[in-house]
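Chemist: kindly generate the corresponding structure for this input.
(one chain, ligands or ions: 1)
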Amino acid sequence: MSEQSASRPVILSCAQATGKLHLGNYLGAVKNWVNLIEDNECFFGIVDMHAITVPYVPAELRQNTLDCLRQYIACGLDPEKCHLFLQSHVIGHAELAWVLGCITPLGKLERMTQFKDKSRKQEEAGSGGFIGSGLLYYPVLMAADILLYNADRVPVGEDQKQHLELTRDIATKFNETYSETFKVPEVDIPKSGARIMSLQNPEAKMSKSDANQNGTLYITDDEKTIRKKIGSAVTDSGSEIRAGEDKPGITNLLNILSAASGKPVDTLEGEFAGKSYADFKAAVADAVVAMLAPIREKYEAIKDDKAYLQGVIKSGGDAAQKRAYKTLSKVMRKAGFVERPR
Ligand code: AQP
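Modeler: A predicted model of the protein is given here:
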């Protein structure tokens, strides 16, 4: 991408390379990122180092990482207009995480909802009591991902709110302990689509690692699969199409349709008054199919272009490294480390 004005606000956000991107990742995060690339200096990372905090297969990680890159581009993250990089290519994420970890209270990490959820899931999956300490440390690495770029804003889904609050606390603590260094980043959660739930269990968020894969709609799913997954989505008792705590399944589908169509939920409730669940589901499927069709088309067009994809991660990684070094050297000096002679 061309050299950008340094004065534009800096945006940073990332996704884990733990599997294909799903509708929640798209509506809660990536769709929002695309709207930011014209007017901001944007860094969008694929956080492969986060992906190893749970049991994984190295060959799959490599595939998922490159596939996530293809999906970023297919969603509209034009590498001419933003920096797409791999976390493991940039020196500084792990180094900064170490420094930040040393000022982060252990108790706060132990209280993180994601740590508790993922530890429980690992136990249930038969980890035999083993939980890697990387999982506990995950939010510190995430704080480093953000603060390394001195980002002004971080657009994420609602599930990341707690981690972002911790990032803000860590930035403030570092500034108070050493001296003003980090911007305390603003958290940017979209008005609609911020929390998309599983189609099979609308009490749980849609997730790449959901054991019931029918609950997760992937952005590269074909039309038939999308219609099948939405058609078999769990609904609620009664026949009314309205949002409410007693209607988690319908609420989720209304939120999906709202985010896909841009229409507020109450407008949709009016439009579907008196209609059947089947008609409503068909309309949700139509909207999702229409929204994802161009993404799948673009994905197919670029997926085998290795040279292009390599070029994107090379230039994105170079730009990310340049910005990361500036912060990292400042942090190392302030933390009291002796500068390496040149
Ligand atoms: N269900 C969701 N609804 C709205 N936004 C979501 N995000 C994730 N799930 C939803 C947002 O997507 C961005 C990238 O997420 P991620 O890949 O970093 O992490 P994740 O939260 O761990 O995603 P998964 O799908 O739940 O993965 P696994 O199963 O591996 O844990 C973030 O901005 C996130 O808020």
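Chemist: max-length helix in this protein?
Modeler: Longest helix in the chain by number of residues, with DSSP state H as the criterion: helix 306-334.
Chemist: model confidence over that helix, on average?
Modeler: Averaged across helix 306-334, pLDDT comes to 98.
Chemist: list the buried ones in the lowest-mean-pLDDT helix or strand in the chain?
Modeler: One helix or strand of the chain scores below all others by mean pLDDT, DSSP states H and E: helix 113-124, with a mean of 92. Across helix 113-124, burial judged by 16 or more other Cβ atoms under 10 Å covers 115, 118-119, 122. For glycine as for every other residue, the C-beta is placed from the backbone atoms N, C-alpha and C.
Chemist: just curious, which of those is nearest to the ligand?
Modeler: Checking the buried residues of helix 113-124 against the ligand with Cβ to the nearest ligand atom, the nearest one is residue 118 at 6.9 Å.
Chemist: what's the helix or strand for the closest residue in space to the closest one that isn't next to it in sequence?
Modeler: Closest residue to residue 118 apart from its sequence neighbours, by Cβ to Cβ, 6 or more residues apart in numbering: residue 135 at 5.8 Å. Secondary structure from DSSP states H and E places residue 135 in helix 133-147.
Chemist: one step back: okay, the angle between the least confident helix or strand of the chain and helix 133-147?
Modeler: 150 degrees (axes from the mean of the first three to the mean of the last three Cα atoms, to 10 degrees).
Chemist: what residues does helix 113-124 touch?
Modeler: 53-55, 109, 129-131, 135-136, 138-139, 159, 162-163, 209 (Cβ atoms under 8 Å, 6 or more residues apart in numbering).
Chemist: do the same with stretch 245-263
Modeler: For stretch 245-263, contacts defined as Cβ under 8 Å, 6+ apart pick out 23, 27, 31, 190, 192-193, 195-197, 199, 202-203, 230, 233-236, 238, 240-244, 264-265, 268-269, 271, 277, 280-281, 283-284, 287-288, 290-291.
Chemist: so which of these also contact the ligand?
Modeler: 195-196 (Cβ under 6 Å from any ligand atom).
Chemist: returning to what we had before: the residue nearest to residue 118: neighbouring residues, count only.
Modeler: Using other Cβ atoms under 10 Å, residue 135 has 19 neighbouring residues.
Chemist: contacts only, for the closest residue to the ligand within the stretch 1-150 of the chain.
Modeler: Going by Cβ to the nearest ligand atom, the ligand is nearest to residue 28 of the stretch 1-150 of the chain, at 2.1 Å. When contacts are counted by Cβ under 8 Å, 6+ apart, residue 28 touches 156-159, 190, 193-196.
Chemist: residue 317 versus that one, what's the distance?
Modeler: 25 Å (Cβ to Cβ, to the nearest Å).
Chemist: check which helices and strands the longest helix of the chain sits against.
Modeler: Secondary-structure packing of helix 306-334 (3 or more Cβ pairs under 8 Å, 6 or more residues apart in numbering; DSSP states H and E): strand 41-47, helix 58-75, strand 83-86, helix 93-101.
Chemist: now check the second one, is it near the ligand?
Modeler: No: taking Cβ under 6 Å from any ligand atom as the criterion, helix 58-75 and the ligand are apart, separated by no less than 8.3 Å.
Chemist: which residues touch residue 322?
Modeler: Applying Cβ under 8 Å, 6+ apart, no residues contact residue 322.
Chemist: typed the wrong thing, it's residue 46
Modeler: By Cβ under 8 Å, 6+ apart, residue 46 lies in contact with 14-17, 65, 68-69, 72, 84-87.
Chemist: ok, now how distant is the residue of the stretch 1-150 of the chain closest to the ligand from residue 254?
Modeler: Distance from residue 28 to residue 254, by Cβ to Cβ: 16 Å.
Chemist: same check, this time on residue 79
Modeler: Residue 79 is 34 Å from residue 254, by Cβ to Cβ.
Chemist: of the two, who's got more company?
Modeler: In terms of neighbours (other Cβ under 10 Å), residue 254 is the more surrounded of residue 79 and residue 254; the figures are 25 against 20.
Chemist: any idea how this structure splits into domains?
Modeler: Residue ranges for the domains of the chain, per automatic domain parsing: 3-193+305-334, 213-300.
Chemist: and the end-to-end length of the shortest one?
Modeler: By that I understand domain 213-300. 22 Å (Cα to Cα, to the nearest Å).
Chemist: SS state for residue 13?
Modeler: Classification of residue 13 using DSSP: H, G, I helix; E, B strand; the rest coil returns strand.
Chemist: contacting residues for it?
Modeler: 29, 33, 44-45, 154-156.
Chemist: phi, psi for the closest residue to residue 70 other than its chain neighbours please.
Modeler: Distance criterion Cβ to Cβ, 6+ apart; nearest residue to residue 70, sequence neighbours excluded, is residue 303 at 5.2 Å. The phi/psi pair for residue 303 (degrees, to the nearest 10) reads phi -60, psi -30.
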